[in-house]
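A.B. asks: predicted model and sequence follow; I will ask about them next.
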Amino acid sequence: MSRPPKRLGLQPGTNGSSISVITNSFAVSQLPTGTFVHYNVGELHTLFSEATRSLNPFDLPEFPDFTHTPKRERALEIIDRLQMQQASMFNPRAAFDGQRNMFRSVELNLANNSGHFQVYFGDPSAAVRTNSKGVKVCITRVATINPRSLLAVINGQEGYGSESLTALQLLNVLVRMKPIMTYPSNLKSFFTKDIKESLGGGLELWRGLFQSVRPTIDRLLVNVDIATAVMYNSGPLIDLILAFLNLRDIRDLNPSRLKPPSEAKLNSFLKGLLVYAVVPIGSGRPRYRKIQKIVMTGADQYMFTNDNTGQHLSISAHYYQAHQYRMRFGSAICVDVGRDIVFPLEAVHVKEGQMFKKTLPPSLAPRALKFSTQKPNDRIQAIQRSTGLLGYGESDFLRHSGMVIDNRLIAINARVLPPPPIQWGGNRQGPDVPRGGAWNVLGKKLYKPGVVKAWAVVFYDTRLDRHQILPFLKMLVEACQELGMQFPNRPPDIIPGRPGVDDRGHHELMETAGAAAIRSFEDQFRQNDPKRPTFILVILPDSAIDIRTSVKSWGDCIRGCPTQCMKTGKLAKANNQYCNNLALKINTKLGGVNSIPFGDTETMKLLAKVPTMVIGADVSHAAPDSDRPSITGMVSSVDEHFCQYVASTRVQESRTEIIADLDSMIEHAVENFQLFWRFMRGRPNVLPHRIIFFRDGVSEGQFQEVGDKEINQIKQSLARIWEVRGLTGDPPRLTFIIVGKRHHIRFFPKENRDADRSGNCPAGMVVDQEVVSPVDYDFYLQSHGGLLGTSRPSHYSVIRDDNSLGANTLQAISYTLCHVYARATRSVSIPAPVYYADIVCARGRFHSRLIHDGSDSAVSLASGDGPSLQEHQQAFKGLAENMKTSMYFM
């Protein structure tokens, strides 16, 4: 059943000045002319005979163990081979997505709408031999699909239904078929080695293209963008391993010299990698095998029994007898490729074009980012030149279907919203008006400056001493005081740390620092004041995630003391700007407010009419190669300026996108909203009348499910709170907006006069026509000024708007909230509460020893003995009582 259209009858926004922009999309000028038949592709498992199992392990056919559903690349290869072997049946060829969906413009002649096929690799004439291998494929007819069913959707006459969604899937498969049969690819992108760069660590970067057919108002577009993939280095496996482990001497790969940590890392890095034998030297198609694990025995020592001769010999001896090849590095480790097949490293090479899908080491991330960053003009020119690679004019699949795609990027209308003025504290007259998405803190006073009574400094770098730290502390205190913060007029205690200790040692050191702060500044406390340090500054080595984890766990969960970490490398280079940035963080952690949106704007006046709460929520998932639990984070505003927030964090099932404990998080938000107004504003009965909920991290395919379930949770939670407390009036009305960053729509100024200094569209650019959804109400907002590369606008999808705010107000609120991010004097790319929710999720990983102490490692997970969700939840520490109402995460 189709969803009802929501955009129909809703007028786009009108605020702001008009500009013309180009977007990275090509128009579909003609849909496929006829209908297609949709088929489900099933089984795809390899058949073995008993004879296969008795062959010499060094001579087994490729992919010897394929009894599970194959990965996408292999599935594409199997169906391609099927269509070659059954050429008369598959003429014209069917389009296949590499998963389960096949489409064909002419119906296949299948008995009872289902057919079974056996696909052979190698010499088809040998298929009847006892030791041959085949892949069984089952193809079942599903439905007839008319691509023109999408016309009713793009014209706003109806929402998506089963046929129109499948038709959209069909168009995407047709568009992608030609390049994915030629180049390495993932679901939506393909990559070429024409532009590549070494990354280090056995990896390299390839540039490619993303493409996706998107229904928009009155037309279909193909969104094309530059993509980047991390690839394994191809060539000798031994070179790859040396590069990964940063070794130069092959003797370091001897089992006696390879330490257990390196063994575990190498196993994780190599698992699943396709390799092929280069000894003996053969001709024709290589036989690829997947690495299962490394073998901590050299080829000279690894013994096996040759099934053909019965001889018991080493791998090195076998290679010399069978292939006249003498091992050069017979003491180096070997690799196991499954079914007891073991290869020496020097005898195999790595297949080209294999994507690295694990977590990229932090040390390599900057180089990867630099490679993928392109200036706006360079990016748009590269996309425009990509039509040859995309092959829209040469694709047999598109030509047979009748689908035609234009070869020019489209131009559309956009608007630039006026920035919200920024109000500071002190006696300064008038607010600041941001220019280019930025404003300046120099000469300003914070709106609500914090008071520091007692503090201390801990440093971990043994190369430092007190005299090197004191000048920086003087500069920092002066910067804070210039902004209006209060500090004692004498330096704090500076305490050296010990980098090599465990959690307990770090916690004891922090307790020592806290006690020193109270002792040194005891005169700053009044008689009834609780005596606790205001904050502790911790100076860390440049790479010290374990120490930072311990420090934050102590401050957030055990002692309830704000901590501010900084890197040693910043000391020598610190200037007034750096100290000002540090001051903004410290002030916010202490309950201060740096600046607020000016209250005398239409947006702030509207929000002030009734008590309004703004919420940001996110779910953070572990790396693809880990099944650690997901972390949920939510922040909710308590003040009328939407600058002060309280946070909630939870642990839930791995890779579950829907927030499981949203009910209690909403209760926590409402309770703290009321407490703030009671104790900070002297109004005990104020409750939110309106909630604006910004949800991050949801893919477009999950919009409906996540929106429906979480909206129901929120409304049920609010109804229960009102009922239990016996509150009069209705619960708050809800506006629920999903904010997306992981999309590929980009905008480029058509005229140079409309660009900012980076060549990007100006901050405040909004698009809510032409390239937006024909069904749901959505808009793109580029709220930040350009810095490096091409700016990415954020995508806002309004799933529910019980407050009837309308386009202009929703866009103005979203843009205003991008200016209250307390760490910066620039507008950010997403509303501050969304940003905060993301930070809260990341900070939550510091609150569990199971997530950061390595007990949940890839090695234990592979054997299925990792901690359970219940164990993770028990290990997850809650916040200390006095941190529950602070912005500790800043």
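C.D. replies: Cool, got the structure. Residues are numbered from 1 along each chain as shown.
A.B. asks: quick one, phi/psi of residue 572?
C.D. replies: phi -70, psi -30 (degrees, to the nearest 10).
A.B. asks: what's the local residue count around it?
C.D. replies: For residue 572, the count of nearby residues is 9 (other CB atoms under 10 Å). C-beta coordinates here come from the backbone N, C-alpha and C atoms, glycine included.
A.B. asks: roughly how far does it sit from residue 475?
C.D. replies: 12 Å (CB to CB, to the nearest Å).
A.B. asks: now the helices: where do they sit in the stretch 251-400 of the chain?
C.D. replies: 260-270, 315-323, 365-372, 376-384, 387-390, 396-401 (DSSP state H, counting those that start in this stretch).
A.B. asks: let me fix that, I meant to ask about the stretch 551-700 of the chain.
C.D. replies: In the stretch 551-700 of the chain, the helices defined using DSSP H, counting those that start in this stretch lie at 569-573, 576-589, 602-608, 662-679.
A.B. asks: pLDDT weak spots in this structure?
C.D. replies: 1-10, 45-70, 122-133, 282-283, 427-429, 625, 852-865 (pLDDT under 70).
A.B. asks: quick one: contacts for the residue most central in space within it?
C.D. replies: Central residue of the chain (CA atoms, centre = their mean): residue 742, 7.5 Å from the mean position. By CB atoms under 8 Å, 6 or more residues apart in numbering, the contact set of residue 742 is residue 699.
A.B. asks: same check, this time on residue 37
C.D. replies: 103, 104, 105, 106, 107, 108, 141, 143, 144, 145.
A.B. asks: would you agree residue 537 is in contact with residue 570?
C.D. replies: No. Using CB atoms under 8 Å, residue 537 makes no contact with residue 570, being 11.7 Å away.
A.B. asks: between these two, point out the one with more neighbours.
C.D. replies: Each of residue 537 and residue 570 has its neighbours counted (other CB under 10 Å); residue 537 has more, 23 against 15.
A.B. asks: any idea what the more buried one is bridged to?
C.D. replies: Beta bridges link residue 537 to residue 457, residue 564 when assigned by DSSP bridges.
A.B. asks: please renumber so the chain begins at 14
C.D. replies: With 14 as the first residue, the last one maps to residue 550.
A.B. asks: ok, now which ones touch it?
C.D. replies: 468, 469, 470, 471, 486, 505, 576, 577, 579.
A.B. asks: now render the residues you listed as TSV, adding neighbour count and distance to residue 692.
C.D. replies: TSV is the format used below for the contacts of residue 550 (neighbours: other CB atoms under 10 Å; distance: CB to CB, whole Å):
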residue	neighbour count	distance to residue 692
468	28	25
469	26	29
470	24	32
471	25	32
486	19	33
505	23	30
576	22	25
577	21	26
579	18	32
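A.B. asks: from the chain's centroid, how far away is the host helix or strand of residue 51?
C.D. replies: Using DSSP states H and E, residue 51 falls within strand 49-60. Averaging C-alpha positions (CA atoms, centre = their mean, to the nearest Å) puts strand 49-60 31 Å from its chain's average.
A.B. asks: need the CA coordinates for the following helix or strand past it. CSV is fine.
C.D. replies: Proceeding N to C from strand 49-60, the next assigned helix or strand is helix 85-98, under DSSP H and E. Once non-C-alpha atoms are left out, helix 85-98 reads as follows in CSV (Å, rounded to 0.1, in the frame of the first residue of the first chain):
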residue,chain,number,x,y,z
ARG,A,85,28.1,-9.5,-4.4
GLU,A,86,31.2,-9.6,-6.6
ARG,A,87,31.0,-13.4,-6.9
ALA,A,88,27.3,-13.3,-7.5
LEU,A,89,27.7,-10.9,-10.4
GLU,A,90,30.4,-13.2,-11.8
ILE,A,91,28.1,-16.3,-11.5
ILE,A,92,25.1,-14.6,-13.2
ASP,A,93,27.4,-13.2,-15.9
ARG,A,94,28.7,-16.7,-16.6
LEU,A,95,25.2,-18.1,-16.5
GLN,A,96,24.1,-15.7,-19.2
MET,A,97,27.1,-16.6,-21.4
GLN,A,98,26.4,-20.3,-21.0
